[in-house]
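Enquirer: Give me the fold of what follows.
(2 chains, ligands or ions: 2)
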Amino acid sequence: MPRLQLSLDELRERALFVRRDIITLLARSQSGHSGGPLSSTDFGTALFFHEMDVNPERLDDPGRDLWHFSIGHVTPVIYSLMAERGYFPLVDLLGFRQFKGHLQGHPSKHDTPGIEVSAGSLGQGLSVCCGMAYGSRFDRSTRRVYCVMGDGEQQEGQIWEASMFAAHYKLDNLCAVIDYNRKQIDGDVQDVLGIAPLADKWRAFGWHVVEVDGHDIPGVLAAFDEARATKGKPTVILAHTVMGKGISFMEDDYKWHGVPPSVEQAEKALAELGTSLASWTRRLETHTARAVTPSANGGAS
Amino acid sequence: MSQPTPVMPAPEAPVKSLAKPEMKRTREGFGHGLLELGEKRPNVFVLVGDLSGSTNVSFFAEKFPDRFLQIGIAEQNMMCVAAGLAALGKIPYLATYGAFASCRSADQMRVTVAYTDLPVKIGGAHGGISVGPDGATHQAMEEIAIVRSIPNMKLIVPCDYWETKKATIAMADDPHPNYIRFGREPVPVVTDANTPFTLGKANVLREGKDIALIACGVMVYEALVAADALAERGIQARVVNMHTLKPIDVDAIERAARECGAIVTAEEHQVNGGLGGAVAEVVVRTHPVPMELVAVHDRFGRSGKQEELMAAFGIKSPDVIAAAERALRRKKG
Ligand SMILES: Cc1ncc(C[n+]2csc(CCOP(=O)(O)OP(=O)(O)O)c2C)c(N)n1
Ligand SMILES: [Mg+2]
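Expert: Ligands and ions are numbered 1, 2, ... in the order given. Model prediction:
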């Protein structure tokens, strides 16, 4: 299956849909993370709807690119991207974190088709992607492997073990993206435990580093292109973002890391995104089929 | 309990001379098992954390360099790199000291490997106190408790060279995560190339009806020696080699409890959460009988020679005999 490569307008619309999904599913579950999912939305949309070659119709497609969110807590954006991309019906998003749904609080391979490896304990995902990238190269596959990490997550020592591994084995089929929103649970990353200068650290570890505004979709696409073109070393994209991006009262506030909006707050947020809880819930409820192409979902903005 | 019990059936495995046993390293069984797998299965990979020689994965490395992955001293990364390979359909074996495999990378084993249920094969070398001179930090004695508590994991503690080799090979057929614990020093060979090995099915090495000695790892030999000594006093002890700790052979334990009426477990491991506890979990819900547990009693190891340490920590055959006597007294009640 080829890459989707939506146009910029379509990508921006898709990102808007994803933000609406995130708020709506969190309003329903009343449990889960708001901040990181919203900061990851734009580069996540670029990844799923332009960059990656994935095949939701055939999950074990040997030619598929592999993606893995090491930050398992951002399931609202992961599941929205998956549903919008056609991995499962949009209506399933309303079962987020419910006992009866198939969408666990953190990604679970055996609950959610399309998740390659379960996650939720920070710091492990890059290593997983190293194994995938090494194995893919061994198989002479042209697939690429994408790993999304957090900036607070950079404090985990295992990431630097993996970083050394990837550079040592010259895994240029591996592309990491860091959601550099400068916030984590207890506050500003620089106050909790400084990670700067992050780009220098990754460069010193032998990686190609691209810095980009993580909300600027053309910039993100260019960064992915640069990663593809980089040979002999892995690439990390530092996606500078804003926690809670798109919702005025959530932006740049670490307190939104792990809490959902109340129903009233969700209404306010969805109004900012040009819709309402009732109408967006209806959209999710009525889309019980897999949504694959943009036209299948179109017209709801 | 399913079938009626035959009177003193032939043991499932022949027992070699106990007085002067052949001595062989279990880690060599791991190394040789991997070599055989390398030939037979093109999707077997081996990963190591800077311990190629002492885990004997060097055999594989020499023969199959393209499927051998040096990870460096980064056990957490190793566990998850293995997971990534397994997610692609490879069968990765990783090797490091058991102390580190089970503790340093426990979270990685739990979340990434076991929760995803990937066929990562974890080799824990230098298990138990018999590692000797390296001392407490390197003497893995918590592996059974840790690994057994994680869903989807299987755990094997083979008793000798042959069993380690067979278990290493058998693990490749299981599409789930497995952990195998083996040791450093040469230990008595009590099985042979033809002894059957089935994951999850205990082997009865010696029949008896008075008491059952259920052991794993190097303690199987100690149990056999103890059974000989008990026989001289007219006590017929059954010796059960419980090589698979998880899933544990419930049938074999229940049969032992019903037919022998008393049980001694023997392991080179902490008493908390070890083989003894695992057997007791089955005994209490099937057929409660007096039990005694030969194990390391909640203390760290120390430097010394293998024999010296095992005696000092109370896990030699005399300790098994003493435990059997206690259990028999309670049985008569
Ligand atoms: C090993 C581990 N330790 C702690 C946590 C709890 N935790 C979940 S998210 C998080 C903060 C992550 O910060 P960051 O990577 O910046 O993500 P963001 O807050 O921006 O979404 C923490 C500490 C965890 N999931 N895993
Ligand atoms: Mg952050």
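Enquirer: And stretch A:249-258, end to end?
Expert: Length of stretch A:249-258, first residue to last, C-alpha to C-alpha, to the nearest Å: 15 Å.
Enquirer: Next: stretch B:151-162.
Expert: End-to-end distance (C-alpha to C-alpha), stretch B:151-162: 28 Å.
Enquirer: Which positions within it qualify as buried?
Expert: Within stretch B:151-162, the residues scored as buried using 16 or more other C-beta atoms under 10 Å in any protein chain shown are B:152, B:153, B:154, B:155, B:156, B:157, B:158, B:159, B:160, B:161, B:162. Placement of C-beta: from N, CA and C, glycine included.
Enquirer: go on, stretch A:246-263?
Expert: For stretch A:246-263, burial by neighbour count (16+ other C-beta under 10 Å) applies to A:246, A:247, A:250, A:251, A:252, A:254, A:256, A:257, A:259, A:260, A:261.
Enquirer: picking up where we left off before, now for the buried residues of stretch B:151-162: which two are most distant?
Expert: B:152 and B:161 (28.2 Å; C-beta to C-beta).
Enquirer: For residue 130, grab the count of nearby residues.
Expert: No chain was given, so I picked chain A. By other C-beta atoms under 10 Å in any protein chain shown, 31 other residues sit near residue A:130.
Enquirer: Actually, chain B is the one I wanted.
Expert: Applying other C-beta under 10 Å, we find 24 residues neighbouring residue B:130.
Enquirer: how about it, phi and psi?
Expert: Backbone torsions for residue B:130, taken as degrees, to the nearest 10, come to phi -70, psi -10.
Enquirer: Repeat that for the one 10 residues further on.
Expert: Taking degrees, to the nearest 10, you get phi -70, psi 120 for the backbone angles of residue B:140.
Enquirer: what number of residues lie near the nearest residue to it once chain neighbours are set aside?
Expert: Distances taken as C-beta to C-beta, 6 or more residues apart in numbering or on different chains put residue B:98 closest to residue B:140, at 3.4 Å, once the chain neighbours are dropped. A total of 30 residues lie near residue B:98 under the criterion other C-beta under 10 Å.
Enquirer: and what of residue B:22?
Expert: A count of nearby residues for residue B:22, using other C-beta under 10 Å, gives 13.
Enquirer: quick one: it and residue B:188 touch, right?
Expert: Yes. When contacts are counted by C-beta atoms under 8 Å, residue B:22 is listed as touching residue B:188 (7.2 Å).
Enquirer: could you redo the buried residues of stretch A:246-263 as JSON lines and give each row secondary structure?
Expert: Output for the buried residues of stretch A:246-263, formatted as JSON lines (DSSP: H, G, I helix; E, B strand; the rest coil):
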{"residue": "A:246", "secondary structure": "coil"}
{"residue": "A:247", "secondary structure": "coil"}
{"residue": "A:250", "secondary structure": "coil"}
{"residue": "A:251", "secondary structure": "coil"}
{"residue": "A:252", "secondary structure": "coil"}
{"residue": "A:254", "secondary structure": "helix"}
{"residue": "A:256", "secondary structure": "helix"}
{"residue": "A:257", "secondary structure": "coil"}
{"residue": "A:259", "secondary structure": "coil"}
{"residue": "A:260", "secondary structure": "coil"}
{"residue": "A:261", "secondary structure": "coil"}
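Enquirer: which of the residues you listed sit farthest apart?
Expert: A:252 and A:260 (18.1 Å).
Enquirer: ok so, going back, need the per-residue pLDDT for the residue nearest to residue B:140.
Expert: In this model, residue B:98 is scored at 96, pLDDT.
Enquirer: What's the separation between it and residue B:311?
Expert: 22 Å (C-beta to C-beta, to the nearest Å).
Enquirer: And for residue A:226?
Expert: The gap separating residue A:226 from residue B:311 is 65 Å, by C-beta to C-beta.
Enquirer: swap in residue A:43?
Expert: Counting by C-beta to C-beta - residue A:43 and residue B:311 are separated by 62 Å.
Enquirer: what about residue B:24, distance to residue B:35?
Expert: 16 Å.
Enquirer: And for the closest residue to residue A:285 other than its chain neighbours, the neighbour number?
Expert: In this structure, residue A:285 finds its nearest non-sequential neighbour in residue A:91, 5.5 Å apart by C-beta to C-beta, 6+ apart. Residue A:91 has 16 neighbouring residues, counting by other C-beta under 10 Å.
Enquirer: What of residue B:17?
Expert: Using other C-beta under 10 Å, the number of residues around residue B:17 comes to 10.
Enquirer: One more: residue B:172?
Expert: Residue B:172 has 20 nearby residues by other C-beta under 10 Å.
Enquirer: about what we covered before: quick one: which of residue A:43 and residue B:311 has more around it?
Expert: Set residue A:43 next to residue B:311 and count neighbours by other C-beta under 10 Å: residue A:43 wins out with 29 against 15.
Enquirer: correct me, but the more buried one touches residue A:239?
Expert: Yes. Residue A:43 lies in contact with residue A:239 (C-beta under 8 Å); the separation is 4.8 Å.
Enquirer: between the two, what contacts are shared?
Expert: The contact sets of residue A:43 and residue A:239 overlap at A:177, A:179, A:214, A:220 (C-beta atoms under 8 Å, 6 or more residues apart in numbering or on different chains).
Enquirer: So which of these are in helices?
Expert: Residues of these located in helices (DSSP state H): residue A:220.
Enquirer: What is the nearest of the shared contacts of residue A:43 and residue A:239 to chain B?
Expert: Nearest to chain B out of those is residue A:177 (C-beta to the nearest C-beta; 17.0 Å).
Enquirer: and residue B:45, that's in a strand?
Expert: Yes. The assignment for residue B:45 is a strand, going by three-state DSSP.
Enquirer: hey, what's it bridged with?
Expert: residue B:92 (DSSP bridges).
Enquirer: So which residues on the stretch 1-150 of chain B come close to ligand 2?
Expert: On the criterion C-beta under 5 Å from the ion, ligand 2 has no neighbours in the stretch 1-150 of chain B.
Enquirer: next one: the stretch 1-150 of chain A
Expert: Listed as neighbours of ligand 2 in the stretch 1-150 of chain A under the rule C-beta under 5 Å from the ion: residue A:150.
Enquirer: how close does residue A:218 get to residue A:212?
Expert: Counting by C-beta to C-beta - residue A:218 and residue A:212 are separated by 10 Å.
Enquirer: So for those two, which residue has more residues nearby?
Expert: residue A:212 (22 against 12).
Enquirer: Can you give me the distance of the more buried one to ligand 1?
Expert: 17 Å (C-beta to the nearest ligand atom, to the nearest Å).
Enquirer: Just want the most central residue of chain B.
Expert: residue B:157 (1.1 Å; C-alpha atoms, centre = their mean).
Enquirer: hang on, isn't that residue packed against residue B:241?
Expert: No. Using C-beta under 8 Å, residue B:157 is not in contact with residue B:241; the gap is 9.8 Å.
Enquirer: Please enumerate the shared neighbours of the two.
Expert: The contact sets of residue B:157 and residue B:241 overlap at residue B:216 (C-beta under 8 Å, 6+ apart).
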